[in-house]
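S.K.: pasting the structure only:
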């Protein structure tokens, strides 16, 4: 089952305090102003207090555990109460209810931080895993149905990575003779026991390595997961973190986060780094310190999709409990954020380490938590894709997920066929569609695509898999009389003119143009009624109507559909220079296969605003704006 996303973007407010924006959730978007329950300057002392109590707990001091539990509960209540204002708390509760209704596995809470601004970067240093929902008495960080992820924006493209074979994990054990001894043997043995029953996981070992040894093995063996066991450090004065490797004479080799990032950069197989050492996830707690001087953010910035590290000191027992449960979960196919949550639960279940569960933190750049693609095709044959957005039960969309190899469900954003929140077209739907198609395009296999979806989504899919992708793509097209597969290379288009052209002059002072495409049925009158009623400012309405007349069986094959799209592209390019600087408002009544082919050409159209027609309303011209391409993330209205 899939996890749904509840994405909160945290940023400083102009008049002080902070703004939390819901930019993706099953219940739509929203925002509210919130304030920390204490000055940001006080955060450093609060975190230092927890760190000191954890250190005392590791020394088995009797009063440490109850005092630590009390401090964690207090901070967890304060953070949750501050962030989840009445408005945002209601949105989260409604989203979780929606997830349960849909039968999803849970609701992923993703916290997005703007690392370019010091005030906002400092927020990331707080232990958000402690968020405590008082009404249900849940710590969200150890509730497997609400995994917590920290998301830091980087400027690197994250490419999909398919694994056709075993998941290769490297255990790197670093125990320099000039640092405190660690019980690494027990952690290694427990990880081995957790993974040995999984034949599709391959363990590699490296003892007492220097940093060059690690990179060599990662490259030579095609390692997917680096698990480092050893010592870490964090300097609160300059905000820099590091870990200790081993020199040739057995002494410690201090490697900063920035330096480690350089060593691990550019290894395409490396998808996850686990730092089973103290302070790997400790972030700068003072303003003006560089967030990327600490280890986990530095590795994320280097292009590694996910980092699991420790934000406080951690005992050998807690590290072992976490790693055992984490890898057991990961080997079973769980997303990395779910595996991290199960690791925290395992720490909580160990009596002597229970309060250390807050220490592991996850930084992630993959939306669905899947760091590798375990379902990559093992042969060059076609991959069947299913994309569904219709939330109502219909004859062909029902059971689509069982008929395809890879499936994308977007029903959570719709009530029936109506979008719940207009902002979701660009805030969530395009992003998820693009990520899904980007991943499967990386296979380079032929694609057979089945849409039970809105025309907007078919167009956007073509936009993502544009005509330069070089992929062989077939679209399953349902018409009266049955289902056919359309590909642009098969069949012959009819001879003679393909389109009947028309034009209605509207506002000579406007730059935008409305293009009305009537293939399945004539819609010019509806669009004109919408434009006049809504006050949409366009210079002219351009009409393209299928010859000899619009009909649900008017397009005979894929080659016909492509030729129609190419002719339409030339018409679009005939706009004046002023009009090409404006927006093309696109109204289409056509089979999704044609709409997909048109979308493949759309990167040459300039700015495009798509529209959806509410077929069941019975109203003339009942259109609603849908997606804007190139994609723009719309602001959430006040």
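M.R.: That came through fine. Keep in mind the model is a prediction, meaning the values are calculated, not measured.
S.K.: what helices or strands is the helix or strand that residue 260 is a member of leaning on?
M.R.: Using DSSP states H and E, residue 260 sits within helix 257-264. The contact analysis (3 or more CB pairs under 8 Å, 6 or more residues apart in numbering; DSSP states H and E) places helix 257-264 against helix 211-221, strand 240-246, helix 295-301. Where you see a C-beta, it was placed from the backbone N, CA and C, and this is true even at glycine.
S.K.: nearest to residue 348, of the ones you listed?
M.R.: helix 295-301 (21.8 Å; CB to CB).
S.K.: What's the mean pLDDT across the closest one?
M.R.: The average pLDDT for helix 295-301 rounds to 94.
S.K.: Tell me the helices and strands packed up against that helix.
M.R.: strand 148-152, strand 240-246, helix 257-264, strand 272-276, strand 306-310, strand 360-364.
S.K.: Mind listing what's buried along that helix?
M.R.: 295-301 (16 or more other CB atoms under 10 Å).
S.K.: Contacts only, for residue 182.
M.R.: 175, 229-231, 316 (CB atoms under 8 Å, 6 or more residues apart in numbering).
S.K.: Repeat the analysis, applying 10 Å as the threshold.
M.R.: Neighbour list for residue 182: 173-175, 229-231, 276-277, 316, 319 [criterion: CB atoms under 10 Å, 6 or more residues apart in numbering].
S.K.: Next, check those against the strands and list the overlap.
M.R.: Among those, the members found in strands (DSSP state E) are 173, 229, 276.
S.K.: Switch those over to CSV; also include distance to residue 286.
M.R.: Formatted as CSV, the ones in strands among the contacts of residue 182 follow (distance: CB to CB, whole Å):
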residue, distance to residue 286
173, 33
229, 29
276, 27
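S.K.: By neighbours, which of those residues wins?
M.R.: In terms of neighbours by other CB atoms under 10 Å, these top out with residue 276 at 29 neighbours.
S.K.: how much space between the nearest residue to residue 427 once chain neighbours are set aside and residue 370?
M.R.: Once flanking residues are discounted, residue 427 sits nearest to residue 23: 5.2 Å by CB to CB, 6 or more residues apart in numbering. Per CB to CB, to the nearest Å, residue 23 is found 21 Å from residue 370.
S.K.: neighbour count winner among the two?
M.R.: The neighbour comparison of residue 23 against residue 370 (other CB under 10 Å) goes to residue 23, with 24 against 19.
S.K.: Just the mean pLDDT for the host helix or strand of the more buried one, thanks.
M.R.: Using DSSP H and E, residue 23 maps to strand 18-24. For strand 18-24, the mean per-residue pLDDT is 90.
S.K.: so what does that strand touch, helix or strand wise?
M.R.: strand 3-12, strand 30-34, helix 64-83, helix 86-102, strand 106-113, helix 118-123, helix 430-441 (3 or more CB pairs under 10 Å, 6 or more residues apart in numbering; DSSP states H and E).
S.K.: The strand or helix carrying residue 189 - contacts with which helices or strands?
M.R.: Using DSSP H and E, residue 189 sits within helix 184-195. Helix 184-195 sits against strand 167-173, strand 201-207, strand 225-229, strand 272-276, helix 316-331, with contacts defined as 3+ CB pairs under 10 Å, 6+ apart.
S.K.: So which of those is nearest residue 466?
M.R.: That would be strand 272-276 among the helices and strands packed on helix 184-195, by CB to CB, at 30.9 Å.
S.K.: How far does the closest one sit from its chain's centre?
M.R.: Distance of strand 272-276 from the chain centroid (CA atoms, centre = their mean, to the nearest Å) equals 20 Å.
S.K.: what about the helices in the stretch 501-638 of the chain?
M.R.: For the stretch 501-638 of the chain, the helices defined by DSSP state H, counting those that start in this stretch occupy 524-534, 558-573, 577-581, 592-600.
S.K.: Please identify the deepest-packed of those helices.
M.R.: helix 592-600 (a mean of 28; mean count of other CB atoms under 10 Å).
S.K.: Summarise which helices and strands that one is packed against.
M.R.: strand 447-452, helix 455-464, strand 473-479, strand 482-486, strand 513-518, helix 558-573, strand 583-589, strand 607-613.
S.K.: quick one: it to chain centroid distance?
M.R.: With CA atoms, centre = their mean, you get 25 Å for helix 592-600.
S.K.: any idea of the mean pLDDT in it?
M.R.: Helix 592-600 comes out at a mean pLDDT of 95.
S.K.: before we move on, what about stretch 92-102?
M.R.: 84.
S.K.: List of residues touching that stretch?
M.R.: 1-6, 8, 22, 24-28, 83-84, 104-109, 133, 135-136, 140, 145-146, 391, 409, 411-412, 420.
S.K.: List buried residues within the residues you listed.
M.R.: Using 16+ other CB under 10 Å as the burial test, the contacts of stretch 92-102 include 2-6, 8, 22, 24-28, 83-84, 104-109, 133, 140, 145-146, 391, 409, 411-412, 420 as buried.
S.K.: lowest-pLDDT helix or strand in this structure?
M.R.: The helix or strand of the chain with the lowest confidence, counting by mean pLDDT, DSSP states H and E, is helix 118-123 at a mean of 71.
S.K.: Any idea how many residues pack against residue 233?
M.R.: With other CB under 10 Å as criterion, residue 233 counts 19.
S.K.: Please renumber the chain so that the first residue is 304 from this point on.
M.R.: In the new count, where the first residue is 304, that last one comes out as residue 536.
S.K.: who touches the residue lying closest to it once chain neighbours are set aside in this structure?
M.R.: Counting by CB to CB, 6+ apart, the nearest residue to residue 536 once its immediate chain neighbours are dropped is residue 545, at 5.3 Å. Residue 545 is in contact with 534-538, 556-563, 580, 582-583, 596-598, 601, counting by CB under 10 Å, 6+ apart.
S.K.: can you pull the contacts of residue 418?
M.R.: 424, 427, 455-457, 586, 593-595, 600, 603-604.
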